[in-house]
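Asks: can you look at this prediction? I've put the sequence above it.
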Amino acid sequence: MLIISSPRGSGRVSGTLGNPIYYSGYGLFLSALGYLALWSEKRRGWKIYALLSALLGVVGVFLGETRGTMLGLAVGVVALFTTYVLAARDNRRLRRFVVGLGASALLLAGILFVFRQTPVVQKVPALSRLLNTSLTDATAGTRFMAWSIAVEAWQDKPIFGWGPNNYFYAFNAYYRPEFLLQGWRETWFDNAHNIVMNTLAVQGIVGVGAYLALFAAAFWLLIAGYHRGRFNIHWLAAGVAFLCGHFIHNFFVFENPTSYLYFFWFLAWINAQAYPPEPLAVGVSRRFPAVAGVAVFIAAALVIFTTNINVARANRATLTAVSLLRAYPAKALEAYDKALAYGSPHIDDIRGDFSRYASDFLISIREIDRLPEGQRMAAVIDSALSSNRQLHPLDIRVHLQQIGWLQFLGVTRGDAQLLSEAEKISYEAIALSPRRQQLKYQLATLKLNLRKFSEAEAVMQEVINDEPRVGESWWRLAVIYKEIGQPEAAEAVIREAEAKGVVFDQGSRDIIESSLGLTTTAP
């Protein structure tokens, strides 16, 4: 397991998997696999290697600091001890040892909880996060709301759900304005962070039943296989422990390509042990036909080229295009065209990434005509964003990107038609996520640009009425009043917000002071 700090700057470890959740989940699997190997290997050296692997997996769980995985590890240990106690009825010595070890672990857990605020416990990775978790903190609160939204979405499509990986669209449709109280980062969820709730939303009751059936079948095979002598008691205990721990881990996070790989490997191992292959009859050959081997090799090579090599070439060309934007715009456009020519399945990401960096570049120089390639680059951005919105008509992130670009062009060129087009797209996006503040903030600004002052005011009043505790909504309304020459109304809005107990964060207070010339009470 490679130890690499998370790019988010949290101090948590994510390895090359890019996410501490994936890293912790893999550590949980590695600990179970190491424990299985410990009781499978005969040689002492391999046993030591297996034990070290199991311990390394536990270390990975702690370094990832994922609370759901820590809880999964704890539940897995309880399941391990319980399985030994229930299965080792004829082995008193083993049962006494396990009971004593379990009681010691329980005592240790109690001591750690009591002293969870002490510096010693606070310094232990993951343990401090788990023991000091509050059901009312920002992350927990938004996770519970995300679960609730999953249930609402399921009620809309109860049988087969919204479709695999479509929780993002369900979340937008049922988005609640109170998410913004915890910051912009907590307003975007592409997963319910609960495998049961997420599967319920995207695959309905059929999908949840199928997912739970995987665990039920695995438990049945383990128990039945143990009684038939296919599994020894250590394999049984390790299998039950991993299944319990993995399920709890996913109950607070989600499955991902990495977890699916090792989860189905584990299911395959259970199946192979429960139903070992029958020996071949005398004279029957296992030889694989040479022609079939060549065909498989060619097919595999094509798959690897299409899904890896060609994609990597396109990604490299995109990176080159982005890196050349400011110094060599013409070469950047050539590199972008080259990236598109590769025919990557991720062409939407290529268009979106290049458009984002290119638009930021053009916005920074303000006057597109100052750049010889400015008009061509603007046309490329227009085409890319329009193509992406056509490809993903339900993705409001694509709408937001195009709205922002059209607004910049409209204001820069003084083109009301472009602003009106952005306004139209805004309404399309709002239809997909009716209560999302970000969309309405942008719509209000567009209406201000179009000099539709009363409509801009009405949009912001609607946002405030929907969730009056969000400070940003109030100062945005105040800025509108300031822009249309009503400073007294602007100040009245801020004072009304304060009177209603609205708390402005530091960023909001800075904007209120710099844009409105007003002071506010610090929280």
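Replies: Nice, I can see it.

Asks: could you pull out the helices for the stretch 101-250 of the chain?
Replies: 119-122, 127-131, 138-156, 167-173, 195-227, 233-252 (DSSP state H, counting those that start in this stretch).

Asks: distance between the fifth one and the chain's centre?
Replies: This means helix 195-227. 22 Å (Cα atoms, centre = their mean, to the nearest Å).

Asks: tally of neighbours for Ile248?
Replies: The number of residues packed near Ile248 is 21, by other Cβ atoms under 10 Å. From N, CA and C alone the C-beta is placed, and that goes for glycine too.

Asks: work out for me the element the nearest residue to it once chain neighbours are set aside sits within.
Replies: Spatial nearest neighbour of Ile248, excluding adjacent residues (Cβ to Cβ, 6 or more residues apart in numbering): Gly72 at 3.9 Å. Using DSSP states H and E, Gly72 sits in helix 67-87.

Asks: got the angle between that helix and helix 233-252?
Replies: Here the directions of helix 67-87 and helix 233-252 differ by 150 degrees (axes from the mean of the first three to the mean of the last three Cα atoms, to 10 degrees).

Asks: just the buried residues of helix 67-87, please?
Replies: 67-73, 75-85, 87 (16 or more other Cβ atoms under 10 Å).

Asks: and stretch 444-453, by the same measure?
Replies: Applying 16+ other Cβ under 10 Å to stretch 444-453 flags Ala444, Thr445, Leu446, Lys447, Leu448, Asn449, Leu450, Lys452, Phe453 as buried.

Asks: again with stretch 265-283
Replies: Phe266, Leu267, Ile270, Ala274.

Asks: same question for stretch 97-110.
Replies: Neighbour-count burial for stretch 97-110 [16+ other Cβ under 10 Å]: Val98, Gly102.

Asks: need the residues that contact that stretch.
Replies: Ala74, Val77, Val78, Phe81, Tyr84, Val85, Ala88 (Cβ atoms under 8 Å, 6 or more residues apart in numbering).

Asks: just stretch 409-425 next, same as before
Replies: Under Cβ under 8 Å, 6+ apart, the answer for stretch 409-425 is 366-368, 378, 389, 399, 402-403, 406-407, 443, 446-447, 449-450.

Asks: at 7 Å what do you get?
Replies: Residues outside stretch 409-425 that contact it (Cβ atoms under 7 Å, 6 or more residues apart in numbering): Ile368, Ala378, His399, Gln402, Ile403, Leu406, Gln407, Leu443, Leu446, Asn449, Leu450.

Asks: lowest-scoring secondary structure element of this protein by mean pLDDT?
Replies: helix 127-131 (a mean of 64; mean pLDDT, DSSP states H and E).

Asks: let's verify Arg287: helix, strand, or coil?
Replies: coil (DSSP: H, G, I helix; E, B strand; the rest coil).

Asks: how far away is it from Ile298?
Replies: Counting by Cβ to Cβ, to the nearest Å, the separation of Arg287 from Ile298 is 20 Å.

Asks: repeat that for Ala213.
Replies: 37 Å.

Asks: circling back to that earlier point, wait, doesn't the residue nearest to Ile248 sit right on Leu28?
Replies: Yes - between Gly72 and Leu28 there is a contact under Cβ atoms under 7 Å: 5.9 Å.

Asks: shared neighbours of the two, anything?
Replies: Counting by Cβ under 7 Å, 6+ apart, the residues touching both Gly72 and Leu28 are Gly245, His246, His249.

Asks: what is the nearest of these to Trp147?
Replies: His249 (15.9 Å; Cβ to Cβ).

Asks: quick one: contacts for the closest one?
Replies: Gly25, Leu28, Gly68, Thr69, Gly72.

Asks: strands of the stretch 401-523 of the chain, residue ranges please.
Replies: With DSSP state E, counting those that start in this stretch, there are no strands along the stretch 401-523 of the chain.

Asks: which stretches of it form helices?
Replies: Under DSSP H, counting those that start in this stretch, the stretch 401-523 of the chain gives helices at 416-432, 437-449, 453-466, 471-483, 487-499, 506-516.

Asks: just list the residues touching Ala335, thanks.
Replies: Ala317, Thr320, Ala321, Leu324.

Asks: isn't the first one up against Lys338?
Replies: To tie it back to what came earlier, the one meant is Ala317. Yes - the pair Ala317 / Lys338 is scored as a contact, 4.6 Å apart, by Cβ under 7 Å.

Asks: the two - which one has more neighbours?
Replies: Comparing Ala317 with Lys338 by neighbour count (other Cβ under 10 Å), the higher total belongs to Ala317, at 22 against 16.

Asks: which residue, other than its chain neighbours, is closest to the more buried one?
Replies: Ala339 (3.7 Å).

Asks: what is the neighbour count of that neighbour?
Replies: Neighbour tally, Ala339, other Cβ under 10 Å: 25.

Asks: one step back: closest to Glu186 among the shared contacts of Gly72 and Leu28?
Replies: His249 (21.6 Å).

Asks: per-residue pLDDT, that closest one?
Replies: For His249, the pLDDT comes out at 94.

Asks: please report the distance of the nearest residue to it once chain neighbours are set aside from Asn19.
Replies: Among residues not flanking His249 along the chain, Gly72 sits closest, at 3.5 Å (Cβ to Cβ, 6+ apart). Using Cβ to Cβ, Gly72 is found at 16 Å from Asn19.

Asks: also Phe408?
Replies: Phe408 is 33 Å from Asn19, where distance means Cβ to Cβ.

Asks: so where's this protein uncertain?
Replies: 1-18, 121, 125-139, 280-286, 288, 369, 522-523 (pLDDT under 70).

Asks: can you list phi and psi of Gln486 for me?
Replies: Here is the backbone geometry of Gln486 (degrees, to the nearest 10): phi -130, psi 70.

Asks: for it, list the residues it contacts.
Replies: For Gln486, the contact set (Cβ under 7 Å, 6+ apart) is empty.

Asks: between Arg287 and Ile298, which is the more surrounded one?
Replies: Ile298 (10 against 6).

Asks: which helix or strand contains that one?
Replies: With DSSP H and E as criterion, Ile298 is part of helix 290-304.

Asks: next, the angle from the helix or strand just after that helix to helix 290-304.
Replies: Tracing the chain past helix 290-304, the next element assigned as helix or strand by DSSP H and E is helix 310-324. Counting by the same axes, to 10 degrees, helix 310-324 points 20 degrees away from the direction of helix 290-304.

Asks: residues in contact with Tyr358?
Replies: Just so we're on the same page, residue 358 is Ala rather than Tyr. Taking Cβ under 7 Å, 6+ apart as the definition, contacts of Ala358 comprise Leu325, Met377, Ile381.

Asks: then Gln203?
Replies: Phe160, Gly161, Pro164.
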